[in-house]
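Student: model this:
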Amino acid sequence: MKTFARPVAFVLSVLIALALAACNFGPSAEEIIRDGISERMDQLSDPQSQAYQDMVNSLSGAEGIDELGLDANEVVDSLFGELTYEIGDIEVDDEAGTATAQVSVTCKSLTDVTTRFLTSALGDMGSLIGTSTQEDMLTQAGDLFMDALEQTDPQQTDLELSCTEGEENVWTLDESATNAIASALIGTQQQ
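Tutor: As a prediction, this is how the structure comes out:
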């Protein structure tokens, strides 16, 4: 019996070693990609994140924002305050070191806000010309822009984001994916 037990024990130990080697004790590529996309998207609506503050700072320095009486924090908060996303399927090609993630982003479209603003401004500003100062007209335009921003409903855009694996299982969004996210936020992404 003892002679029989040794080969069986050896085979079992080899099988266990192979099974353990096949197990990935770290996160899978899909988990790494999902976490990376989540982190990036969460930054867009988190007032404490660097990405959010960069948007506020960029808008604060934009020409005309002060003349319109707009507060950059209010604009960014209204634009991205209702931003949501859902990460769907992620297909990983381990051999090629690429992946594609399906992501649905729901947010206000800056294009829709601008269209609503221009439509409103053309109707309302016409009555102010000649009867108001330039400062009054700019303040009115700022109010109309904020109204347009608040009245614009979020819309869903479905994205296909490409990722590439770098060294040590580090995955990054391709430039096309970054552009797709930006286009969805602006409202120029094709649905």
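Student: all strands of the protein, in order?
Tutor: 84-93, 98-107, 155-165, 171-173 (DSSP state E).
Student: list the buried residues for the first one?
Tutor: Right, strand 84-93. Neighbour-count burial for strand 84-93, with 16 or more other C-beta atoms under 10 Å as criterion, is recorded at 85, 87, 90, 92. Any C-beta I mention is one placed from the backbone N, CA and C, and that applies to glycine too.
Student: next, the angle strand 155-165 makes with that strand.
Tutor: 30 degrees (axes from the mean of the first three to the mean of the last three C-alpha atoms, to 10 degrees).
Student: can you tell me the strand partners of strand 84-93 and which way each runs?
Tutor: Strand 84-93 sits in its sheet next to strand 98-107 (antiparallel), going by DSSP bridges.
Student: which residues touch the partner strand?
Tutor: For strand 98-107, the surrounding residues in contact (C-beta atoms under 8 Å, 6 or more residues apart in numbering) are 29-30, 33-34, 37, 41, 79-80, 82-93, 154-165, 171, 181, 184-185.
Student: now swap in stretch 133-150 and tell me
Tutor: So stretch 133-150 is contacted by 67-70, 74-75, 78-79, 108, 113-114, 116-117, 120-121, 124-125, 128-129, 132 (C-beta under 8 Å, 6+ apart).
Student: now do 7 Å
Tutor: Identification of contacts with stretch 133-150 by C-beta atoms under 7 Å, 6 or more residues apart in numbering yields 67-70, 75, 78-79, 113, 116-117, 120-121, 124-125, 128.
Student: with only the CA atoms kept, save that stretch in CSV.
Tutor: Extracted as CSV, the C-alpha positions of stretch 133-150 are listed here (Å, rounded to 0.1, in the frame of the first residue of the first chain):
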residue,chain,number,x,y,z
THR,A,133,-25.9,98.6,-21.7
GLN,A,134,-23.3,96.1,-22.9
GLU,A,135,-22.8,95.0,-19.3
ASP,A,136,-26.5,94.3,-18.9
MET,A,137,-26.6,92.3,-22.1
LEU,A,138,-23.6,90.2,-21.0
THR,A,139,-25.2,89.6,-17.6
GLN,A,140,-28.4,88.6,-19.4
ALA,A,141,-26.4,86.3,-21.7
GLY,A,142,-24.8,84.6,-18.7
ASP,A,143,-28.2,84.1,-17.1
LEU,A,144,-29.5,82.6,-20.3
PHE,A,145,-26.5,80.2,-20.5
MET,A,146,-27.0,79.0,-17.0
ASP,A,147,-30.7,78.5,-17.6
ALA,A,148,-29.9,76.5,-20.8
LEU,A,149,-27.4,74.4,-18.8
GLU,A,150,-29.9,73.7,-16.0
